[in-house]
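Asker: sequence unavailable; structure follows:
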C-alpha cells in the first residue's frame, strides 16, 4: 500500500511539474532546487506590498490562481489571511525578487490553493449543482483553515485545522500529499469520542519506527577491535561479533493508526454535528482506498451517511467553462469522460 501510494503521488507530481513549467511562462515564478523541481509563484502586484495587507489598488494576479478567484480572495480579508501561512520549505527555495517570503499557497502542488481556486471562484458557492453534490444548505460562505474543537478525554480540546468549512460541511483537500498521515495509537485514542465513533479493530494500522537502524560505524570501538591470533575459541569470537551486528540492525517499532487526518476530521464532524468530505484527485486511487478503510470502521450508520468522498474531476464537471479550462491546463483535471489536454498546451491561456 505504501509503495503504491508513493508511485501515484510521485507520478502526479511529475505531471503537475510539467504542466506548471509551461503554465509559468509569462508569470512570476521560480523553480525549487529539487529534482524534479516544483514551481512556486509570486504575486504580481503594482508594489511589493506583503500579501497579508491585501492586493494593492490597481489589482494584480498570482500565477498559482485562477484570476477571478484571486480577485475574490483579495476582496475578502478572511480569505486573504490564508496567505499568512509561510511555506514550510521556503528557505530551500530561490529568493523572490521582491524579497517576500514564500507562502504555502504559492506552491503549484498546494491542495489548499486548488481548493481556493475552485470555491473562491465567483458563482461556485452559489451554484445549485455544487451545493446539491456536497449537501450544503443555507447561505453560508466557505471558510478556509477553520479551527475545529475536537474534545479530548482529558476535558481539553484539540484545535484541529480543517481545510474548509462550508455551512455544516467539513472538507479535507488532497492533491500530491503522500497520505493522510499516521500517528501513534495513544495519540488517536486520547480523543473523547474515539471509541464512540470507531471500531478500533477495523481501523487501518501501520507499524511506526520508534528508533532508527544504526550502522556499524556507530559501534566503532567494538567493530575496530582486531582479532587476536591466540583466540582459544574462535566460534565464541564470531558469535560475539554477530551479536554486535544484530544490535546495529535492531529497529524498535510500535503499532499506530494510518489515516490520522481522516480520523481526526471525522471526530471533528461528529463533535460539531457536521458532515465530512474528502476531496482528492482521481489519479490518486490510493487516497480513496485509505478513506474507505477509515469509513468502514465507523460504527454508526447515521454517522457513515454524513461521510462523503469526491474527486476534483467530479467537481470540475459542475463548474463554469472558463474555470474548467484553467483546471485542465494547470492541473490536468477534467470532468469524467473527458480527456485532459496535453501538458504542452498549458501556454494557451498566456
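Answerer: Everything's here; your move. Quantities reported herein were computed from a predicted structural model and do not represent experimental measurements.

Asker: mean confidence score for stretch 297-315?
Answerer: Stretch 297-315 carries an average pLDDT of 97.

Asker: pull the residues that contact that stretch.
Answerer: 114, 118, 130, 133-135, 175, 196-200, 202-204, 266, 269-270, 274-282, 288, 291-292, 295, 327, 331, 333-336 (CB atoms under 8 Å, 6 or more residues apart in numbering). All C-beta atoms are positioned from the backbone trio N, CA, C, and that covers glycine.

Asker: with stretch 316-330 instead?
Answerer: By CB under 8 Å, 6+ apart, stretch 316-330 touches 19-20, 23, 66, 68-69, 108, 117-118, 121, 123-124, 127, 129-130, 133, 312, 333-336, 340-341, 345-346, 348-349.

Asker: restricted to buried residues, select those in PyMOL.
Answerer: Per 16 or more other CB atoms under 10 Å, the buried members of the contacts of stretch 316-330 correspond to this PyMOL selection:
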select buried, resi 19+20+23+66+68+69+108+117+118+121+124+130+133+312+333+334+335+340+346
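
Asker: which of the contacts of stretch 316-330 fall in strands?
Answerer: In strands, defined here by DSSP state E, there are no members of the contacts of stretch 316-330.

Asker: next, residue 303: phi, psi?
Answerer: phi -70, psi -40 (degrees, to the nearest 10).

Asker: how close does it get to residue 273?
Answerer: 10 Å (CB to CB, to the nearest Å).

Asker: more neighbours: the two, which one.
Answerer: Ranked by neighbour count (other CB atoms under 10 Å), residue 303 and residue 273 place residue 303 first, with 18 against 8.

Asker: mind checking which of the contacts of stretch 297-315 are buried?
Answerer: 114, 118, 130, 133-134, 175, 197-198, 203-204, 266, 269-270, 274-281, 288, 291, 295, 327, 331, 333-335.

Asker: so which of those belong to strands?
Answerer: 275-280.

Asker: I'd like to know which of these is nearest to residue 163.
Answerer: Nearest to residue 163 among those is residue 279, at 8.5 Å by CB to CB.

Asker: quick one: residues contacting the closest one.
Answerer: By CB under 8 Å, 6+ apart, the contact set of residue 279 is 115, 171-174, 309-312, 315.

Asker: list the beta-bridge partners for it.
Answerer: residue 173, residue 310 (DSSP bridges).

Asker: helices along the stretch 251-350 of the chain, start to end?
Answerer: Secondary structure of the stretch 251-350 of the chain by DSSP state H, counting those that start in this stretch: the helices cover 260-272, 285-295, 301-304, 312-316, 321-331.
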